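Student: What shape does this take:
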Amino acid sequence: MESESLQPLKDSLKEWVESDVAEFELAVLLGLVGPSGEEFRRRKWVWWSNNPIGNGLHAMLATLVEAKVLEYDEESERYRFNEQFNLNE
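Tutor: Sure, this is the predicted structure:
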């Protein structure tokens, strides 16, 4: 999240990240917010409240988990990119 440049979700979710960070990284890729840590803090309400944008980002992450693109640690509510994922399979 500290990077100021756009990076693929595969890279930004290489390690386990909290669900709010995963939603933020997805929002960055969609062009909804800028990639800075300050942008993450200014938009906390999106990740931490019940609203259409935050709910949509959460649903997209759930879909990526279902498709096995991402892994989800339910106990810690964290996401990471599934290194075993291969679109060609």
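
Student: Leaving out the residues flanking it, which one is nearest to the residue sitting nearest the centre point of the chain?
Tutor: The centroid of the chain falls nearest to A22 when counting by CA atoms, centre = their mean (2.3 Å). Leaving out its chain neighbours, the residue that sits closest to A22 by CB to CB, 6 or more residues apart in numbering is Y79, at 4.0 Å. All C-beta atoms are positioned from the backbone trio N, CA, C, and that covers glycine.

Student: could you say what helices and strands the helix or strand where A62 lies packs with?
Tutor: Per DSSP states H and E, A62 falls inside helix 52-66. Judged by 3 or more CB pairs under 8 Å, 6 or more residues apart in numbering; DSSP states H and E, helix 52-66 is in contact with helix 19-29, helix 44-48, strand 70-73.

Student: Need these in a markdown table (columns: mean pLDDT and distance to M60).
Tutor: Formatted as a markdown table, the helices and strands packed on helix 52-66 follow (pLDDT from 0 to 100; distance: least, CB to CB, whole Å):
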| stretch | mean pLDDT | distance to M60 |
| --- | --- | --- |
| helix 19-29 | 95 | 6 |
| helix 44-48 | 93 | 13 |
| strand 70-73 | 98 | 10 |
